[in-house]
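# What shape does this take:
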Amino acid sequence: MYPMAAPFITQSWLNAADDFSLAALRGRVVLVEVFQMLCPGCVSHALPQAQKAARHFSATDLVLIGLHSVFEHHQAQGTRAALQAFAHEYRLEFPIAIDAPGDADAVPQTMRHYAMRGTPTLLLIDREGRLRMQHFGVLEDMALGAMIMSVIAEGALAVASASSNPAAGCDELGCVTP
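Below is the predicted model of the structure:
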């Protein structure tokens, strides 16, 4: 079975209320792009890919959120004002959590809790709030799309099963005798 996605430990949010949470998104598939604004792979590949995924799937099927986890170059990218300017420049309009700073080793708290290796990291959370994928680095567009679609389709089948009338005959789970 898949583990439940842990809540984010945040300083605040951009493009969302500060009480925004993963728990509030239950019932929807959530794609989380973990990034740093000075990470070349994040800027050139991960953030554009995440935005593309959000455009290609219905907003009722997929929610995109960001997690800005700064573990290096704190002076240059560690402020809310710097992230706001970056988000404006790159047109990042989805909710972005600002990871709470870490202790002496400077690894942010959510990043540490999820045992992330760095940025970019993708998290895919299903409708039940379970962590279905955690991927460090660049992921091919087709692989990401297939993974997202499989998790969306799972939920769609579950909703269809729950709403079907068991006395109505056959469904994907079998046939009920009259």
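# my read is His135 is in a strand, agree?
Yes - judged by DSSP: H, G, I helix; E, B strand; the rest coil, His135 forms part of a strand.
# For it, give me its contacts.
Contacts for His135 (CB atoms under 8 Å, 6 or more residues apart in numbering) come out as Thr121, Leu122. (C-beta placed from N, C-alpha, C; glycine too.)
# Glu93 versus that one, what's the distance?
Separation of His135 from Glu93 (CB to CB, to the nearest Å): 23 Å.
# same question, Phe57
Going from Phe57 to Glu93 by CB to CB gives 16 Å.
# of these two, who's got more company?
Shown here are Phe57 and Glu93; by other CB atoms under 10 Å, Phe57 has more neighbours (18 against 13).
# Ile148 is in contact with that one, correct?
Yes - with contact defined as CB atoms under 8 Å, Phe57 counts as touching Ile148 (6.3 Å).
# Look up which residues are beta-bridged to the residue nearest the centre of the chain.
For the chain, the residue nearest the mean C-alpha position is Val32 (1.9 Å; CA atoms, centre = their mean). Beta bridges link Val32 to Ile65, Leu123, judged by DSSP bridges.
# Trp12 should be in a strand, yeah?
I think there's a mix-up here, since residue 12 is Ser and not Trp. Yes - under three-state DSSP, Ser12 falls within a strand.
# And Phe94, what's its pLDDT?
Listed pLDDT for Phe94 reads 95.
# can you pull the contacts of it?
Shown in contact with Phe94 (CB under 8 Å, 6+ apart): Asn15, Ala50, Gln51, Ala54, Leu64, Ile65, Gly66.
# which non-adjacent residue is nearest the fourth one?
Okay, so that is Ala54. Excluding the flanking residues, the one nearest Ala54 by CB to CB, 6 or more residues apart in numbering is Leu64, at 3.9 Å.
# wait, the one you found sits on Gln51?
Yes - between Leu64 and Gln51 there is a contact under CB under 8 Å: 7.2 Å.
# between the two, who's got more neighbours?
Leu64 (21 against 18).
# all strands of the chain, in order?
Counting by DSSP state E, the chain has strands at residues 10-14, 29-35, 62-68, 96-99, 121-125, 131-136, 170-171, 174-175.
# measure Ala82 to Leu38 for me?
From Ala82 to Leu38 the distance is 10 Å (CB to CB).
# any residues in contact with both of the two?
Common neighbours of Ala82 and Leu38 (CB under 8 Å, 6+ apart) are Ala76.
# The closest residue to Gly41 other than its chain neighbours and Cys39: what is the separation?
Closest residue to Gly41 apart from its sequence neighbours, by CB to CB, 6+ apart: Pro120 at 5.4 Å. Separation of Pro120 from Cys39 (CB to CB): 6 Å.
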